[in-house]
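Engineer: I'd like to go over a predicted model; first the sequence, then the structure.
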Amino acid sequence: MSDYFLERKKNLYRRLMSAISDLPGFCADYFIGIEQNTAILTRLHYAFDLRIFFEFLYNEISEFKGLDKTSFTLNYLDKVSPTHLEYFLNYLNYYSHNEKDYTNNEKAKARKLSAVKTLFNYFYKKEKIQKNITQKVSAPKIHDNEIVRLEIDEVVNLLNLAEFGKSLTKGQLKFHGATKVRDVALLTLFLGTGIRISECVGLNVDDIDFNNNGFKVTRKGGNKTILYFSEEVSSALKEYINLRNSIKDLEPSENALFLSLQNKRLTTRAVQNLVKKYAQIATPLKKITPHKLRSTYGTALYRETKDIYIVADILGHKDVNTTKKHYAAISDEIRRNAANAVKLRDSDDK
């Protein structure tokens, strides 16, 4: 595992331990119990969501008012009712934490309810509680949002903007000369491989193999795989790496592929801001993120291959149904086109 991913994992673990310390003591057993079957980031999200749930019980439900993480024992879980969970879902519409206000859409509500259900299910299976009332509460119905992706002309506009800087502000143009080769390479990599942002910022120079036009990535869950890229991506990466290798003040120990102006590894936030900067000008009516560039690649790949399983494999989807959900609209397009694919009679036969 590279130093970047090792340090990232350590940081997530420290945050998880801190989050668990805010929960009732019995929750530590739960997080140990699910460790083998969940990613650390998933467990961290569960801890955050459970903290909201218990704070709701302490502050909003009369049966639990006055309790806190030290006095809320496992026995109290059997006193939670389905009605309490329904109130919890309603509470998530708008609540405050540490003097900051929060709202949740259906997807966020469903995720928080899932964390609670997983907790109850764990202790019910261990026979530590007498009933699992979460089975009686349905998750909110999630309405699918339209999949946002770039069209061909928008991809061209985005890359041209990154390369030539037309329409950038005076402030942005001050740095454009120093960053344009890097930015074009990064955007080309997103659009030409469907790489995730976490995979992108974790890339090292020695992960790239130009002999085979491929690179190693660490996927969700820690699995490693090789992704391949086109000559167009290869050309953009070579130009950037040549420039990167000419940096005089670069520390020999810095292996990161994509560097900031301070010659340090680009952060996730920096990449998000980079994409946002160009996309707001190139496609002002669409909110484009690194993930939307990934969707753009998936769309183009599916249109070319017509093979949902290839798309799922390259994008790293564990469940092909996830891929089908994201590209269902394209499937409809293919079915419509197929309606005219078979000719029964030529016009001359009529």
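Structural biologist: Arrived safely, thanks for sending.
Engineer: ok, the closest residue in space to Lys136 that isn't next to it in sequence - contacts?
Structural biologist: Excluding the flanking residues, the one nearest Lys136 by Cβ to Cβ, 6 or more residues apart in numbering is Pro82, at 4.3 Å. Heads up, the C-betas are built off the backbone N, CA and C, glycines and all. Pro82 makes contact with Ile133, Thr134, Lys136, Val137 under the criterion Cβ atoms under 8 Å, 6 or more residues apart in numbering.
Engineer: Correct me if wrong: the second one contacts Ser114.
Structural biologist: No. Under the criterion of Cβ atoms under 8 Å, Thr134 makes no contact with Ser114, lying 9.4 Å away.
Engineer: Among those two, which residue is more densely surrounded?
Structural biologist: More crowded of Thr134 and Ser114, by other Cβ atoms under 10 Å: Thr134, with 19 against 15.
Engineer: Against Phe88, how distant is the more buried one?
Structural biologist: Here Thr134 is placed at a distance of 11 Å from Phe88 (Cβ to Cβ, to the nearest Å).
Engineer: Quickly list what's touching both of these two.
Structural biologist: Once Cβ under 8 Å, 6+ apart is applied, the residues that Thr134 and Phe88 both contact turn out to be Leu113, Val116.
Engineer: picking up where we left off before, got a quick ChimeraX command for the buried subset of the contacts of Pro82?
Structural biologist: The ChimeraX selection below is limited to those of the contacts of Pro82 classed as buried (16 or more other Cβ atoms under 10 Å):
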select :133,134,137
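Engineer: and the contacts of Pro82 as a markdown table, adding secondary structure?
Structural biologist: Formatted as a markdown table, the contacts of Pro82 follow (DSSP: H, G, I helix; E, B strand; the rest coil):
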| residue | secondary structure |
| --- | --- |
| Ile133 | helix |
| Thr134 | helix |
| Lys136 | helix |
| Val137 | coil |
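Engineer: Could you check the pLDDT of Lys10?
Structural biologist: We note a pLDDT of 88 for Lys10 in this prediction.
Engineer: That one: neighbour count?
Structural biologist: As a burial measure, Lys10 scores 10 neighbours (other Cβ under 10 Å).
Engineer: Regarding it, which helix or strand does it belong to?
Structural biologist: helix 3-20 (DSSP states H and E).
Engineer: Compute the distance from the centre of that helix to the centre of its chain.
Structural biologist: For helix 3-20, the distance between its averaged C-alpha position and the chain's averaged C-alpha position is 17 Å (Cα atoms, centre = their mean, to the nearest Å).
Engineer: what comes into contact with that helix?
Structural biologist: With Cβ under 8 Å, 6+ apart as the test, helix 3-20 has contacts from 1, 27-28, 31, 40-41, 43-44, 47-48, 51, 201-202, 204, 218, 222, 255-256, 265.
Engineer: Out of those, which end up buried?
Structural biologist: Under a neighbour-count criterion of 16+ other Cβ under 10 Å, the subset of these counted as buried comprises 27, 31, 40-41, 43-44, 47, 51, 201-202, 204, 218, 256, 265.
Engineer: Which of the residues you listed fall in strands?
Structural biologist: Of the buried ones among the contacts of helix 3-20, the ones assigned to strands by DSSP state E are Thr218.
Engineer: Nearest to Val311 among the buried ones among the contacts of helix 3-20?
Structural biologist: When these are compared for distance to Val311, the smallest value, 20.3 Å, is given by Thr218; criterion: Cβ to Cβ.
Engineer: Surely that closest one touches Ile226?
Structural biologist: No. Using Cβ under 8 Å as the test, Thr218 is too far from Ile226 to be in contact (11.3 Å).
Engineer: The helix holding Lys10: which residues count as buried?
Structural biologist: Judged by neighbour count using 16+ other Cβ under 10 Å, the buried positions of helix 3-20 are Tyr4, Arg8, Leu16, Ala19, Ile20.
Engineer: now, which of those sits nearest Glu99?
Structural biologist: Of all these, Ala19 has the smallest distance to Glu99: 19.0 Å, by Cβ to Cβ.
Engineer: ok so, going back, quick one: which of the buried residues of helix 3-20 is nearest Glu251?
Structural biologist: For the buried residues of helix 3-20, the residue nearest Glu251 by Cβ to Cβ is Tyr4; the value is 14.4 Å.
Engineer: rewinding a little: so for the residue nearest to Lys136, what's the pLDDT?
Structural biologist: Per-residue confidence (pLDDT) for Pro82: 95.
Engineer: rewinding a little: need the buried residues of helix 3-20 in JSON lines with distance to Gln280, can you?
Structural biologist: Putting the buried residues of helix 3-20 into JSON lines (distance: Cβ to Cβ, whole Å) gives the following:
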{"residue": "Tyr4", "distance to Gln280": "28"}
{"residue": "Arg8", "distance to Gln280": "28"}
{"residue": "Leu16", "distance to Gln280": "35"}
{"residue": "Ala19", "distance to Gln280": "34"}
{"residue": "Ile20", "distance to Gln280": "39"}
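Engineer: All set, thanks.
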